[in-house]
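>>> I'd like to go over a predicted model; first the sequence, then the structure.
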Amino acid sequence: MSEENLFNTKGVKKNFMFVCNKAPYGTIYALETLEMIMISAAFEQHAVIAFIDDGVFQIKKGQNTKSSGMKNFSPTFGVIAMEKEDADEDDDIDMIWRIVVEKESLEARGLSSDDLVLKTEILSTAELSDLMAKQEVILTA
Amino acid sequence: MKLGLLVNEGPFTHQASDTAYQFAKAAVSTGHQVLRVFFYFDGVNNANKLSEPQSDDRNLVKMWGELASEHDIDLVVCVAAGLRRGLKEEILADGFRISGLGQMVELGMAADRTIVFGD
Amino acid sequence: MRTLNLVNKSPFEKNCLESCVRLAKSDASVLLIEDGVYAVLDKSAKSFLIKNHQQHLSFYVLIDDLDSRGLTNMAMIDGVKKLNYGGFVDLVVNHDVVHSWL
């Protein structure tokens, strides 16, 4: 297995966006996208983690997977929140992370920010659209 | 231009791998460089050398290996996603290598454009 | 930043195109590929998704995927431009970022 970085990316700092738009557990996209987000922290890139459409269900409180036998990965969002806090507080880390949720997606599903397992910015469709247009690398699954 | 591709789905079940392949082929034939194709989620199955499509159908696993060899494209299979799906060194097709998820982030940093192909 | 949006699912199957046109910024482009090409059929129950947004978004469709699905000679929404994989590559190069709506 090769871990070498083959490209010269010294000094590169881009605006990454991870679009989370699928519900958890029915497919693996939510979990494996979360793993990608976690790895990206090591590269100190700017990142926006955007929850839209059914993706808002990924961060819903109270997930209990005991009887289904599936891995409950919602606690990992707490780690994401901590990464963001560390980046915000540490002046030596030049990494801006934002965790955002589209208001319309939340409301269409009868949810509010009180239902979410972590603190997020609730953006209107127009605000999210503006934010999306500023990204340089957009990863979806 | 330097291009980076992320392929999220395996061969045949979804068109993603075909589209990515055709795109990569068109890109290199017009002078662009495909730096790397990162295979994640079920996309790791594009690297399975045991794949045996029907004789009158395309062989995506071989096609990727040949394109990569001809145009110096780095084909990377995510180790974690691979392990989940049993995609290990012993069944890795020619032209592919297994590496960490960081290689996808690095690709996003290095490429001028990153394109995702999936479901 | 000008975005090239890729939509690969039929609007009858998934809401990807709907989400895309809701969130895409003015002056962006949308390329329909794979099953996404069904969105360009004129006079379908989903034609409005493209028609209502043509003022501020440019729509394109991949010929190869139209042909595979037997749609080559079907009436298409006016103003949607057809292109091949070479054109797809050009679109990618001529936009700043690509957003796949999966």
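Thanks, I have it.

>>> Report the separation between the residue nearest to the spatial centre of chain A and A:Met95.
Taking CA atoms, centre = their mean, the centroid of chain A lies closest to A:Ile49, which sits 3.2 Å from it. Distance, A:Ile49 to A:Met95, by CB to CB, to the nearest Å: 13 Å. Where you see a C-beta, it was placed from the backbone N, CA and C, and this is true even at glycine.

>>> Then B:Pro11?
Counting by CB to CB, the separation of B:Pro11 from A:Met95 is 36 Å.

>>> out of those two, which sits in the more crowded spot?
Shown here are B:Pro11 and A:Met95; by other CB atoms under 10 Å in any protein chain shown, B:Pro11 has more neighbours (25 against 18).

>>> So the helix or strand bottoming out on mean pLDDT in chain A, near chain B or not?
Counting by mean pLDDT, DSSP states H and E, the weakest-scoring helix or strand in chain A turns out to be helix A:76-89, with a mean of 92. No - applying CB under 8 Å from any CB of the partner chain, one finds helix A:76-89 out of contact with chain B, separated by at least 13.9 Å.

>>> Whatever helix or strand comes next after that helix vs helix A:76-89, what angle?
Following helix A:76-89 in sequence order, the next helix or strand is strand A:97-102 (DSSP states H and E). For strand A:97-102 against helix A:76-89, the angle by axes from the mean of the first three to the mean of the last three CA atoms, to 10 degrees is 130 degrees.

>>> Just give me the neighbour total for the closest residue to C:Met74 other than its chain neighbours.
Once flanking residues are discounted, C:Met74 sits nearest to C:Leu41: 6.0 Å by CB to CB, 6 or more residues apart in numbering or on different chains. Neighbour count of C:Leu41, defined by other CB under 10 Å: 19.

>>> Can you name the residues bridging to C:Leu41?
C:Met76 (DSSP bridges).

>>> Could you list the residues in contact with the strand or helix carrying the residue nearest to the centre of chain A?
Assigned by DSSP H and E, A:Ile49 falls within strand A:46-51. Contact with strand A:46-51 is made by A:13-21, A:37, A:40-41, A:58-59, A:80, A:95-102, A:105, A:120, A:128, A:131-132, A:135, as judged by CB atoms under 8 Å, 6 or more residues apart in numbering or on different chains.

>>> Keep only these that also lie close to chain C.
A:Val19, A:Asn21, A:Glu102, A:Leu128, A:Met132, A:Gln135.

>>> can you pull the contacts of the closest residue to B:Asn45 other than its chain neighbours?
Among residues not flanking B:Asn45 along the chain, B:Gly10 sits closest, at 3.3 Å (CB to CB, 6+ apart). Applying CB under 8 Å, 6+ apart to B:Gly10 gives the contacts B:Ser17, B:Asp42, B:Gly43, B:Val44, B:Asn45, B:Asn46.

>>> Next to chain B in this structure, residues from chain A, please.
So far as CB under 8 Å from any CB goes, chain A lies against chain B at A:1-3, A:5-9, A:12, A:14, A:16, A:28-29, A:32, A:35-36, A:39-40, A:42-43, A:45, A:137-141.

>>> re earlier: how would you label the residue nearest to B:Asn45: helix, strand or coil?
Under the three-state scheme (DSSP: H, G, I helix; E, B strand; the rest coil), B:Gly10 adopts coil.

>>> Could you report the pLDDT at it?
Per-residue confidence (pLDDT) for B:Gly10: 98.

>>> Quick one: residues contacting residue 83.
Using chain A here. Neighbours of A:Glu83 in contact, by CB under 8 Å, 6+ apart: A:Met38, A:Ala41, A:Trp97.

>>> Chain C, not that one
C:Leu31, C:Tyr60, C:Val61, C:Leu62, C:Ile63, C:Asp90, C:Leu91 are the contacts of C:Leu83 under CB under 8 Å, 6+ apart.

>>> any idea how far the fifth one lies from chain A?
Translated: C:Ile63. The gap separating C:Ile63 from chain A is 24 Å, by CB to the nearest CB, to the nearest Å.

>>> For A:Lys84, which non-adjacent residue is spatially closest?
In space, and not counting its chain neighbours, A:Lys84 is closest to A:Trp97: 4.2 Å by CB to CB, 6+ apart.

>>> ok, how many other residues are close to the one you found?
Residues lying near A:Trp97 (other CB under 10 Å) number 22.

>>> surely it meets A:Glu85?
No - in this structure, A:Trp97 is not within contact of A:Glu85 by CB atoms under 8 Å, at 9.1 Å.
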